[in-house]
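K.L.:
Sequence first, predicted coordinates after that:
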Amino acid sequence: DAGVIQSPRHEVTEMGQEVTLRCKPISGHNSLFWYRQTMMRGLELLIYFNNNVPIDDSGMPEDRFSAKMPNASFSTLKIQPSEPRDSAVYFCASRNTNIGSYEQYFGPGTRLTVT
Amino acid sequence: QQQVKQSPQSLIVQKGGISIINCAYENTAFDYFPWYQQFPGKGPALLIAIRPDVSEKKEGRFTISFNKSAKQFSLHIMDSQPGDSATYFCAASIESGAQKLVFGQGTRLTINP
């Protein structure tokens, strides 16, 4: 199994630009989570989906952030316009609740730098 | 009420020693308590997890101790090895409900050879 795949691994962009982060969950997993990790705030849940439907987006910091899951094998997190304070590592994680599993499998992350 | 507080922030242990990391929570509805291990440049990976119906769970050199009345749980790493050097996160969630993991702030563990 390839695990959770995220792209790009590193992104450097200028303030005001649109940024799109991509995630491919593990095949067969029906829940997908987007997290942000910073030194100051640690690991924060931004949004999660069950069966491609957004369940809780209360962690999304503001309207500049949006996430979609058009099908079971792909999700995007978009920031428009980006700001320097959005600089962080963004993780995608997936899990299979169909087998009663609680474990979340994390991808390698996307390190975003906004200058 | 959703917070999970973790301590210490950093820990240095000699090879062969016992590493202990502690977490405390407020929300009594939490029913799943995992520990994640993260190496530099990698995503967190599940190390071991416990449900509140048991007071201890052991997997190899890793043990979770759980104190429901005190609302605390801890990770013990026996015979700590340099390869255990990583950042460790405790977490908690309400699996019967929202299923969102709330993470502690993390502990950077260094095992000196």
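P.N.:
Cool, got the structure.

K.L.:
residues in contact with the residue of chain A found nearest chain B?
P.N.:
Residue of chain A nearest chain B, by CB to the nearest CB: residue A:106 (3.2 Å). C-beta coordinates here come from the backbone N, C-alpha and C atoms, glycine included. Listed by CB atoms under 8 Å, 6 or more residues apart in numbering or on different chains, the contact set of residue A:106 reads A:4, A:35, A:91-93, B:36, B:43-45.

K.L.:
10 Å - rerun?
P.N.:
A:3-4, A:6, A:33, A:35, A:43, A:91-94, B:36, B:38, B:42-46 (CB atoms under 10 Å, 6 or more residues apart in numbering or on different chains).

K.L.:
Now it. Nearest residue, chain neighbours left out?
P.N.:
Of all residues not flanking residue A:106 in the chain, residue B:43 sits nearest, at 3.2 Å (CB to CB, 6 or more residues apart in numbering or on different chains).

K.L.:
Just confirm the one you found is within a helix.
P.N.:
No: per DSSP: H, G, I helix; E, B strand; the rest coil, residue B:43 lies outside any helix segment and is coil.

K.L.:
quick one on the thing from earlier: can you say which of the contacts of residue A:106 are buried?
P.N.:
Neighbour-count burial (16 or more other CB atoms under 10 Å in any protein chain shown) is assigned, among those, to A:4, A:6, A:33, A:35, A:43, A:91-94, B:36, B:38, B:43-44, B:46.

K.L.:
taking the contacts of residue A:106 one by one, which sit in strands?
P.N.:
Counting by DSSP state E, the contacts of residue A:106 place A:6, A:33, A:35, A:43, A:91-94, B:36, B:38, B:45-46 in strands.

K.L.:
closest to residue B:110 among the residues you listed?
P.N.:
Nearest to residue B:110 among the ones in strands among the contacts of residue A:106, counting by CB to CB, is residue B:38 at 13.8 Å.

K.L.:
thought the closest one was touching residue A:42?
P.N.:
No: the criterion here is CB atoms under 10 Å, and residue B:38 misses it with residue A:42 at 11.1 Å.

K.L.:
Run through the residues that contact the residue nearest the centre of chain A.
P.N.:
Residue closest to the mean C-alpha point of chain A, counted by CA atoms, centre = their mean, is residue A:34 at 3.1 Å. Contact partners of residue A:34, counting by CB under 10 Å, 6+ apart, are A:21, A:23, A:44-49, A:57, A:59-60, A:65, A:67, A:69, A:75-77, A:90-93.

K.L.:
Which residue or residues pair with the nearest residue to residue A:26 once chain neighbours are set aside through a beta bridge?
P.N.:
Using CB to CB, 6+ apart and skipping the chain neighbours, the partner closest in space to residue A:26 is residue A:94 (5.1 Å). Judged by DSSP bridges, the bridge partners of residue A:94 are residue A:32, residue A:105.

K.L.:
pLDDT score assigned to residue 31?
P.N.:
No chain in the question, so chain A it is. Residue A:31 carries a pLDDT value of 93.

K.L.:
Switch to chain B, please.
P.N.:
For residue B:31, pLDDT reads 90.
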